[in-house]
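Trainee: Okay, here's the prediction I keep looking at, along with the sequence it came from:
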Amino acid sequence: MPLAQPVEGLSSRANAEVARLQHRRPDIDVRQALAGYRRTARQPRRWLDFGDHYGLADDLCEQRDMLEAAIRMLPGPAKGELQRLVAPLDEMFLRRTVPDPCLGQAGGWHAEAWWRRRIAV
């Protein structure tokens, strides 16, 4: 089952793997999550939105969570391709944020998702 819209920047083989993943896990939308993360990570600092106000389209943490889930579930080559697309966005996000001093030694889902332990500067 091919993707209705391929993920920009991925090979046709990686897009086929994404399609298989999304067929098994319809709650994952790699194209939408990546497009949203690109848009959000590139916004001016004052516009970085960490809140869960509007769902996947506008929530940086939800976007990055979904991308991480896809990275963990995709096979080797497709995983690597998606990681290469996400890595520069992560670097941009890290440069524009700092660790959240209010979280301290947070547990649960905060402990695993570094992007959830950051705040805009």
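Mentor: Nice, thanks for sending it over. Numbering: from 1, shown residues only.
Trainee: Please make it C-alpha for all contacts and neighbour counts, starting now.
Mentor: Fine.
Trainee: With V30 as the reference, measure out to Q5.
Mentor: The gap separating Q5 from V30 is 10 Å, by C-alpha to C-alpha, to the nearest Å.
Trainee: Looking at these two, which has the bigger crowd around it?
Mentor: More crowded of Q5 and V30, by other C-alpha atoms under 10 Å: V30, with 25 against 10.
Trainee: quick check: mean pLDDT across the lengthiest helix in the chain?
Mentor: Counting by DSSP state H, the longest helix found in the chain is helix 76-95. For helix 76-95, mean pLDDT is 96.
Trainee: Buried residues in it, which are they?
Mentor: 78-79, 81-83, 86, 89-90, 93-94 (16 or more other C-alpha atoms under 10 Å).
Trainee: what's downstream of the lowest-mean-pLDDT helix or strand in the chain, the next helix or strand?
Mentor: Of the helices and strands making up the chain, the lowest-confidence element is helix 109-112, at a mean of 60, by mean pLDDT, DSSP states H and E. Sequence order places strand 118-120 as the next helix or strand after helix 109-112, per DSSP states H and E.
Trainee: burial measure for W114, as a count.
Mentor: W114 has 12 nearby residues by other C-alpha under 10 Å.
Trainee: Ok, A113 next?
Mentor: 14.
Trainee: quick one: low-confidence parts of the chain?
Mentor: By pLDDT under 70, the low-scoring segments of the chain are 45-58, 104-111.
Trainee: does D27 count as helix, strand or coil?
Mentor: Taking DSSP: H, G, I helix; E, B strand; the rest coil as the rule, one finds D27 in the coil state.
Trainee: can you give me the end-to-end distance of stretch 24-43?
Mentor: End-to-end span of stretch 24-43 (C-alpha to C-alpha): 32 Å.
Trainee: Name the residues of it that are buried.
Mentor: By 16+ other C-alpha under 10 Å, the buried positions in stretch 24-43 come out as 28-34, 36-38, 40-41.
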